[in-house]
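Novice: Everything below, folded, please.
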Amino acid sequence: MIREFAAGIRTLLRGFGLWRTRPGLMNLGLIPAIITIVVLGAVLLPLALNMGTIASWITPFAEEWPAPWKGLVRGAVGFVVVVASLALASAVFTALTLTIGDPFYQRIWHAVEVQLGDAPPADGGGFWTTVAEGLRLVVLGILIAILVLFIGLIPAVGGFLGPVAGVVLTGRLLARELTGRAFDARDLSPADRAALFSGSRARVLGFGVATQLCFLIPGGAVVVMPVAVAGSTMLARDMLARTALPSGAAAGAGTHSLPTSPGAS
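Specialist: Numbering: from 1, shown residues only. Alright, predicted model coming up:
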């Protein structure tokens, strides 16, 4: 399980190889990420500036508490709210970026498929498919944020369990969303996809957690988003090569790394 988790992390790192072989294409992938991060920053900045007011509103029962307990409780609640907000922001960022940058990420996905060989004949889903999947991602992100908020409010252990749950749940959600393009191109059924994720749980989680942690680094989301698209394509092909599909659908994928020679692109 640990080996598979580490393999998922390495898959994200493999995505950075496209910066070497196709730098122009990867630079295009930065544009929608920058637009989205500016929009989200305009929303999250007021939230951060008013965190004290929000924490006070959530904890009216602590108004008459003596120092330092009042400050400690409200500080902890403010921290949990920030963690829940970041979990939701990651889902919203991914959904908006994939929607805004659909033509760019379509090209990144296709470039990886071609370089690895046996690219599927169909594309990775149209614009409205991306919009629908993005809306689903936002809804699930809201549910995760609410769950993280409740976990974070558990006395004594919530401050630790909340952030861990946020990273794990959001990471898994991001991995499932990012691999969707490769699976859409192969017209895989829900049963096929469930079998693939069941057969590579630890690997998918490793990729998703690594992606989510990169997103939490200031500026990391912008740089890593095109990398995550490339890496998720590799992850999807690895999953297809490792698991026999119940419907007998052709996998059409290998587990090759990106070519190392500049001429491979």
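
Novice: And the spatially most central residue of the chain, how far from Gly117?
Specialist: Among the residues of the chain, the one closest to the centroid is Leu174, at 2.8 Å (CA atoms, centre = their mean). Note on Leu174: its distance to Gly117, by CB to CB, to the nearest Å, is 26 Å. C-beta here means a position set from N, CA and C on the backbone, and glycine is covered the same way.

Novice: What of Val73?
Specialist: Using CB to CB, one obtains 57 Å as the distance from Val73 to Gly117.

Novice: Next secondary structure element downstream of the helix or strand of the chain with the lowest mean pLDDT?
Specialist: Counting by mean pLDDT, DSSP states H and E, the chain has its least confident helix or strand at helix 51-58, which shows a mean of 80. Under the assignment DSSP states H and E, the closest C-terminal helix or strand after helix 51-58 is helix 69-100.

Novice: Quick one: mean pLDDT over that following helix.
Specialist: Confidence for helix 69-100, expressed as mean pLDDT, is 84.

Novice: Just name whatever secondary elements it is in contact with.
Specialist: Secondary-structure packing of helix 69-100 (3 or more CB pairs under 8 Å, 6 or more residues apart in numbering; DSSP states H and E): helix 30-49, helix 51-58, helix 127-152, helix 158-178, helix 201-216, helix 220-242.

Novice: and the angle for it with helix 220-242?
Specialist: Here helix 69-100 points in a direction 60 degrees away from that of helix 220-242 (axes from the mean of the first three to the mean of the last three CA atoms, to 10 degrees).

Novice: What residues sit buried inside helix 69-100?
Specialist: Neighbour-count burial for helix 69-100 flags 73-74, 76-100 (criterion: 16 or more other CB atoms under 10 Å).

Novice: Show me how far that helix is from its chain's centre.
Specialist: Its chain's C-alpha centre lies 15 Å from the corresponding centre of helix 69-100 when counted by CA atoms, centre = their mean, to the nearest Å.

Novice: Next up, phi/psi of Arg186, please.
Specialist: The phi/psi pair for Arg186 (degrees, to the nearest 10) reads phi -100, psi 10.
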